[in-house]
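1. predicted coordinates and the sequence they were generated for:
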Amino acid sequence: MPLNLHLLRLFATVAKAGSFSKAADILLLSQPSISKGVRDFELQLGCRLLDRTPRGVTPTREGLALLQHADTLFAAERAAEDELRALRSLDRGSLRIGASTTIATYFIPDYLGTFHGRHPGIELQLASANTRDIAQMMLAHEIEVGLVEGPVEDEGLLAEPWRSDEMVLIAGPRHPFAADRTAIEPSRIADEIFIMREPGSGSREVVAKALARLRIDPARTLEIGSTEAIKQMVAAGLGVAIVSAAAAKDQVALGRLKIIEMRNLSIVRTLWRLKAPGRVEVPAATAFERLIAAPAAANGPRRARV
């Protein structure tokens with residue numbers, strides 16, 4: 001029996017809100033009509049979707065399974081609505097972009113400004129998170145454009161090379177590294193407090209692999225979930241870090257950070273544009289990707305590995 005999307009929406013709203021009264025406020029419907037709709041839906045499906053208690057409701061096992069499919073269906077519904085609006089013109093609609101933290105902060109603000117100038121009627125939404133989270137957003141249909149800093153390992157996504165990014169070692173101006181007139185040996189990093197991003201960050205993975213190739217294992221590390229915070233810690237003399245050259249540029253210009261050259265170690269990573277095969281792209285996403293387009297690597301798109 002085909003799912004009734006109206007009743008599915010009532011159920012999903014109640015399940016996420018945790019009560020019929022909150023769902024009524026969200027949907028601007030009466031509580032009795034929502035309660036009846038969910039009950040009718042359960043009867044149609046032949047199973048209980050919600051456990052009802054005096055404190056509210058929680059999804060049953062069947063309800064949780066259905067809720068996952070509901071998110072996908074509603075995302076497809078939003079995409080269809082956006083596409084139909086956008087097909088008429090780029091004067092209206094929305095564009096949801098997900099970008100790894102460094103990309104969101106240092107690489108795409110100018111592109112967003114240019115896109116807004118060309119298409120002011122398109123509502124832009126930017127989600128900034130680590131690579132792993134952006135990949136999950138793309139898989140869940142929560143974003144139309146995904147730009148990440150590190151490799152993504154999921155068969156449900158394609159990763160297309162977007163552009164290159166140099167990673168550099170930074171230290172505070174009073175750090176001993178800053179006094180060296182020549183490139184330092186990378187092995188000296190092992191004796192320093194090495195400040196790095198959190199697990200799931202593309203930056204962390206690229207740096208970790210580069211150090212591992214040289215068998216460099218810093219004895220003391222500090223994890224921080226923000227490149228900006230890392231820069232401030234390094235500037236204060238707490239330790240050293242390897243970050244995007246684009247991220248370090250502003251503080252280097254102010255004299256608060258210094259880029260330290262390393263002998264026989266150059267870290268240049270690829271920034272990636274994620275694609276979900278089979279998904280219909282809305283014209284706003286196509287226009288934005290055309291704006292940020294750069295020549296692809298010779299080997300072209302690759303399927304992310306598990």
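-> Yes, it's here.

2. let me see the contact set for residue 213.
-> Applying C-beta atoms under 8 Å, 6 or more residues apart in numbering, one finds that residue 213 lies in contact with no residue. Backbone N, C-alpha and C define where each C-beta goes, glycine included.

3. let me see the confidence value for it.
-> The per-residue pLDDT reported for residue 213 equals 92.

4. how near is it to residue 267?
-> Here residue 213 is placed at a distance of 10 Å from residue 267 (C-beta to C-beta, to the nearest Å).

5. go on, residue 43?
-> On the measure of C-beta to C-beta, residue 43 and residue 267 end up 60 Å apart.

6. and those two? which has more neighbours close in?
-> For residue 43 versus residue 267, neighbours defined as other C-beta atoms under 10 Å are more numerous around residue 267 (18 against 10).

7. spatially nearest residue to that one (excluding sequence neighbours)?
-> residue 167 (3.9 Å; C-beta to C-beta, 6 or more residues apart in numbering).

8. please, which helix or strand holds the closest residue to residue 144 other than its chain neighbours?
-> In space, residue 144 comes closest to residue 285 once its chain neighbours are excluded; the distance is 4.0 Å by C-beta to C-beta, 6+ apart. If you go by DSSP states H and E, residue 285 is part of helix 283-292.

9. downstream neighbour of the longest helix seen in the chain in the secondary structure list?
-> Longest helix in the chain by number of residues, with DSSP state H as the criterion: helix 61-88. Tracing the chain C-terminally past helix 61-88 and defining elements by DSSP H and E, one meets strand 94-100 next.

10. which residues outside that following strand are in contact with it?
-> Residues outside strand 94-100 that contact it (C-beta under 8 Å, 6+ apart): 82, 107-108, 112, 115, 122-131, 133-134, 137-138, 142-150, 201-203, 282, 284-285, 288.

11. returning to what we had before: in a strand, the residue nearest to residue 267, correct?
-> Yes - assigned with DSSP: H, G, I helix; E, B strand; the rest coil, residue 167 falls within a strand.

12. for residue 243, see how far away it is.
-> The separation that residue 167 has from residue 243, given C-beta to C-beta, amounts to 7 Å.

13. which of the contacts of strand 94-100 are buried, as a PyMOL select command?
-> Selecting in PyMOL just the buried members of the contacts of strand 94-100, where the criterion is 16 or more other C-beta atoms under 10 Å, is done with this command:
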select buried, resi 82+107+108+112+115+122+124+128+129+130+131+133+134+137+138+142+143+144+145+146+147+148+149+150+201+202+203+282+284+285+288
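
14. the contacts of strand 94-100 in helices, which ones?
-> Among those, DSSP H puts 82, 112, 115, 131, 133-134, 137-138, 202-203, 284-285, 288 in helices.
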